[in-house]
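1. Kindly generate the corresponding structure for this input.
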Amino acid sequence: MEDAFLDLASRLTTDGRREKVYTCGLGCNTHIELIENILRCQIINIFERDCFVDGFQFLTKHFPLTDITYPQSEEIRQYADKMANSLAQEHLMLATKFKETCHGRMWQSSKKLLSDGEGTASNDDSNGTENDLNKVEEDGSYTFLNLVPASGKTIDALCSLITGTKKFEDIVTLAGNGCLHNISTIGSKMKLDTDDVYGALSHGTLVFDLGRAVGKEVGHFRREDLCLGIISMVIQMLVSSFHDWALITNIRQVFFSGGLYKSELIRDMIGKYFAYKSKMNPIGKETRHYFLKHGMYIGVIGALMKTLNSPTSIN
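-> Model prediction:
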C-alpha cells in the first residue's frame, strides 16, 4: 500500500507543480491537509452527492443492471405476494361483516387490493444512500427529496448500548441467528376471540418492532433477537420513507447504495418490506428496488471522472 501511494505521489507532482485531484466524502474533507502532504497534490473536495450521481449515471449507462446490482431473489416477490394476498383476503372477509356500519369504504378498499394489477416501471430512477433520497433524471440532474435520520450508525449505536455488541459485522452475525417473533409483535399475537380490526392482520404481519419488550428488561431477551429487532426497526423507517417518496413523486425504480447494504441479511429484509409495501400501496403501481454493488465507492467514480475531465489533471 505504501509503495502504491509513493508511486501515485510521484506521478501527481510534475516539475514542482501540484496536480489537482478531486475527492469526495467526509474522510477526505476532514483530512485534506494530511492527504495533500502525503501525495503532494492539490485536493479539491466535491459535494459527495454530486459525485455519487455522476458515478451512478456512468454505471447505469454503460453496464446492464445485472452487472452492477445484487441478484434479485424470487423468494422476496413470493413473500410479498403471499403477505399482500393474505391481508387483503382477511380484510375483505372482515369488512364484509361490517359493510353496513362502515358504509362500504373498508370493503371497497379491500376489493381494490385484490383486483389491481402490477404497475408499469418508468424511466424515473431514484438512488437512496444510507439515509437520503434523490431523484435522478436521465440527463444527470437530480433533486434531493428527503433525509432520514437513521442509518447503519443508528443500528451500531443502539446495538452497542443495548447488547454491548460493538462491531457491525458482529451485530449482523447475531441478528442472523435471531427470531423476530421473540422480540416484536406479530399479527398472529394480535388476534382476539371476537371480530375486530385486528382480525384483518395476517399471521406473519409485523405490527410493532420490539413490541414484546414493553415493560421488560434487556436480560429477558437473547442478544440475537435484540439485534434483529433493532435492525428491523431501522430498516422499516428507511423503507417507509423511500417507498412513500417514490410513490408520491412517480418514481418506479429505487436504487439502494452504501455500506449498509453489503449485508445479505439487510438486503433480504429491505427487499421483503419494500416489495410488500409496493404491493399494498393504494395507487396500485409497483415500485422496483435494486441494491448497487460496491455502493460505498460509486462517489469515487464520479470524483475520478471530474479529475480526468479537469484541464490540469494527469492523464
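2. and the chain, what are its domains?
-> Listed by automatic domain parsing, the domain ranges of the chain are 2-60+300-309, 70-291.
3. what about residue 165, how many neighbours?
-> The number of residues packed near residue 165 is 20, by other CB atoms under 10 Å. C-beta: built from backbone N, CA, C; applies to glycine.
4. actually residue 150, sorry about that
-> Residue 150: 18 neighbours (other CB under 10 Å).
5. Hmm, it is touching residue 237, no?
-> Yes - Residue 150 is within contact range of residue 237, at 4.8 Å (criterion: CB atoms under 8 Å).
6. Could you double-check that residue 290 sits in contact with residue 66?
-> No - Residue 290 lies out of contact with residue 66 (CB under 8 Å); the separation is 10.0 Å.
7. If you count surrounding residues, which of those two has more?
-> When residue 290 is set against residue 66 and neighbours are counted by other CB under 10 Å, the residue ahead is residue 290, at 19 against 9.
8. Need the three-state assignment for the more buried one.
-> strand (DSSP: H, G, I helix; E, B strand; the rest coil).
9. again with residue 29
-> Three-state assignment for residue 29 (three-state DSSP): helix.
10. so how far is residue 20 from it?
-> Counting by CB to CB, to the nearest Å, the gap from residue 29 to residue 20 is 16 Å.
11. And the two? Which one has more around it.
-> Shown here are residue 29 and residue 20; by other CB under 10 Å, residue 20 has more neighbours (17 against 14).
12. Bridged to the more buried one, which residues?
-> Judged by DSSP bridges, the bridge partners of residue 20 are residue 42.
13. any idea how far residue 182 is from it?
-> Applying CB to CB, one obtains 55 Å for the distance of residue 20 from residue 182.
14. now residue 243
-> Applying CB to CB, the value for residue 243 to residue 182 is 27 Å.
15. More neighbours: the two, which one.
-> Shown here are residue 243 and residue 182; by other CB under 10 Å, residue 243 has more neighbours (24 against 16).
16. Identify the residue nearest the more buried one in space, chain neighbours excluded?
-> Leaving aside its sequence neighbours, residue 243 sits nearest to residue 277 (CB to CB, 6 or more residues apart in numbering; 4.7 Å).
17. what's the pLDDT at that neighbour?
-> The score at residue 277 is 81. That number is its pLDDT.
18. from memory it sits against residue 240, does it?
-> Yes - counting by CB under 8 Å, residue 240 is a contact partner of residue 277 at 7.1 Å.
19. any low-confidence regions in this structure?
-> For the chain, the stretches with pLDDT under 70 are 1-18, 77, 80-130, 187-204, 282-284, 310-315.
20. And the helices in it, which stretches?
-> Along the chain, the stretches classed as helices by DSSP state H are 2-12, 26-30, 32-39, 48-62, 65-68, 74-97, 105-115, 152-163, 168-176, 223-248, 264-280, 298-309.
21. Indicate which one of those is closest to residue 209.
-> Evaluated over the helices of the chain, closeness to residue 209 peaks at helix 223-248, with 3.9 Å, by CB to CB.
22. list the buried ones in the closest one?
-> By neighbour count with 16 or more other CB atoms under 10 Å, helix 223-248 contains the buried residues 223-239, 241-243, 245-247.
23. Show me which residues of stretch 134-154 are buried.
-> Buried residues in stretch 134-154, counted by 16+ other CB under 10 Å: 134, 135, 136, 142, 145, 148, 150, 151, 152, 154.
24. Give me the distance between the last one and residue 266.
-> Noted for residue 154: a distance of 13 Å to residue 266, by CB to CB.
25. now do the first one
-> To residue 266, residue 134 is 20 Å away according to CB to CB.
26. can you check the fifth one too?
-> Counting by CB to CB, the separation of residue 145 from residue 266 is 22 Å.
27. Kindly report the same for the second one.
-> Taking CB to CB as the measure, residue 135 falls 23 Å from residue 266.
28. So residue 151 is in contact with residue 261, correct?
-> No - under the criterion of CB under 8 Å, residue 151 is not in contact with residue 261, lying 10.9 Å apart.
29. Phi, psi for the nearest residue to residue 160 once chain neighbours are set aside please.
-> Nearest residue to residue 160, sequence neighbours excluded (CB to CB, 6+ apart): residue 166, at 5.4 Å. As for residue 166, its main-chain torsions (degrees, to the nearest 10) stand at phi -100, psi -30.
30. going forward, begin numbering at 8 instead of 1
-> Sure, I'll start counting at 8 from here, so that last one is residue 173.
31. count of neighbours near the closest residue to residue 239 other than its chain neighbours?
-> Residue nearest to residue 239 in three dimensions, not counting chain neighbours: residue 216, with 5.3 Å by CB to CB, 6+ apart. By the criterion of other CB under 10 Å, residue 216 has 21 neighbours.
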